[in-house]
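Asks: Turn this into a structure:
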Amino acid sequence: MADGTAPGRVPLVAVAHGSRDPRAAATVAALLDALTDRVPLDVRVAYLDHCAPTLGQALRGLEEAVVLPLLLTEAYHSRVDLPAVLNEARARDPRLRVHYGHTLGPHPLLLTALERRLAEAGVPAGDPDTAVVLVSAGSSDARANGVIAKLARQWRRSGWWTVTPAYASAASPTPAEAVAALRRAGAPRVVVAPYLLAPGYFADKVRRGTLEAGAEVVADVLGPAPELAEVLLERYEAAQRQPVSLAG
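Replies: Numbers count the residues shown, from 1 in each chain. Below is the predicted model:
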């Protein structure tokens, strides 16, 4: 990760969910390194839970920052939690200028990244004999889950036997249920594409459960895929032109 100043560029504070699993923080660091390899940039990382620093801590000493949620769908964290923390930070330091950006997803390049991970696992893109289970972490926010269902419908048009959404928590079907249903429906081959940023509890649970249910392949998490670095750069630039409102 870049550390120091990047003349002419607003510092970036990237906010990840956080995990007790050290692989997650390492993946976030690798993604931010992929970004700074493209553009010289002062980057700080913050976490919503389980890790330090918090967003408030990461903002200390800055007069201006772009704040980006390293989250794959918009839900409670991006709509409520982060704006609340940012408004508190601005109340403490009225000089602080914050440009709040959109979550990483949805974005067309994330489908490309999903296909990259499947290809790395030996699954050619759009194989008509392959059914894909698209797995997200899941959310209590129905709108977030709806985004995953829409993404599955879009991806289905690429030629796959079908693409089915599944959720690791808070919604149904579960990944294992989705795999089992596709096998009962006669899918020639079932593979799993985790729509997850980093390894950890959910990724491990998904891998175990779907392989036991009959999936032939479980792709790796998105991690520091080049497409994610490109999306992150796009979100960074867009936040300065048209930031997301922090009202409410």
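
Asks: any weak-confidence spans in the chain?
Replies: Across the chain, the ranges flagged by pLDDT under 70 are 1-7, 248.

Asks: Helix, strand, or coil at the spatially most central residue of the chain?
Replies: The chain has Leu72 as the residue nearest its centroid, 3.1 Å off, counting by C-alpha atoms, centre = their mean. Assigned with DSSP: H, G, I helix; E, B strand; the rest coil, Leu72 falls in the coil class.

Asks: Quick one: neighbours of the residue nearest to Glu63 when sequence neighbours are not counted, just the number.
Replies: Spatial nearest neighbour of Glu63, excluding adjacent residues (C-beta to C-beta, 6 or more residues apart in numbering): Arg95 at 5.8 Å. C-betas here are computed from N, CA, C, even on glycine. By other C-beta atoms under 10 Å, the residues close to Arg95 number 8.

Asks: and the gap between Arg95 and Ala89?
Replies: 11 Å (C-beta to C-beta, to the nearest Å).

Asks: Name the residues of stretch 39-49 that come out as buried.
Replies: Residues of stretch 39-49 classed as buried: Val39, Leu41, Asp42, Val43, Arg44, Val45, Ala46, Tyr47, Leu48 (neighbour count, 16 or more other C-beta atoms under 10 Å).

Asks: Would you reformat those as JSON lines and include distance to Val217?
Replies: Below are the buried residues of stretch 39-49 laid out as JSON lines (distance: C-beta to C-beta, whole Å):
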{"residue": "Val39", "distance to Val217": "34"}
{"residue": "Leu41", "distance to Val217": "36"}
{"residue": "Asp42", "distance to Val217": "39"}
{"residue": "Val43", "distance to Val217": "34"}
{"residue": "Arg44", "distance to Val217": "37"}
{"residue": "Val45", "distance to Val217": "31"}
{"residue": "Ala46", "distance to Val217": "34"}
{"residue": "Tyr47", "distance to Val217": "31"}
{"residue": "Leu48", "distance to Val217": "31"}
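
Asks: Give the next helix or strand downstream of the helix or strand where Ala29 lies.
Replies: According to DSSP states H and E, Ala29 maps onto helix 22-38. Per DSSP H and E, the first helix or strand lying C-terminal to helix 22-38 is strand 43-47.

Asks: Determine the set of other helices and strands touching that next one.
Replies: With contacts taken as 3 or more C-beta pairs under 8 Å, 6 or more residues apart in numbering; DSSP states H and E, strand 43-47 sits against strand 12-16, helix 22-38, helix 55-59.

Asks: any chance you could map the strands in this protein?
Replies: Secondary structure of the chain (DSSP state E): strands located at 12-16, 43-47, 64-69, 97-100, 131-136, 162-167, 190-194, 217-218.

Asks: What residues of stretch 153-169 count as buried?
Replies: So stretch 153-169, judged by 16+ other C-beta under 10 Å, has buried residues Trp155, Arg156, Trp160, Trp161, Thr162, Val163, Thr164, Pro165, Ala166, Tyr167, Ala168.

Asks: picking that back up, closest one of the buried residues of stretch 39-49 to Gly209?
Replies: Closest approach to Gly209 among these (C-beta to C-beta): Leu48, at 25.1 Å.

Asks: that older thread, quick one: residues in contact with the helix holding Ala29.
Replies: Contact partners of helix 22-38, identified using C-beta atoms under 8 Å, 6 or more residues apart in numbering, comprise 1-2, 12, 14, 16-19, 41, 43, 45, 47, 51, 70, 197-200, 221, 223-224, 226, 228-230, 232-233, 236.
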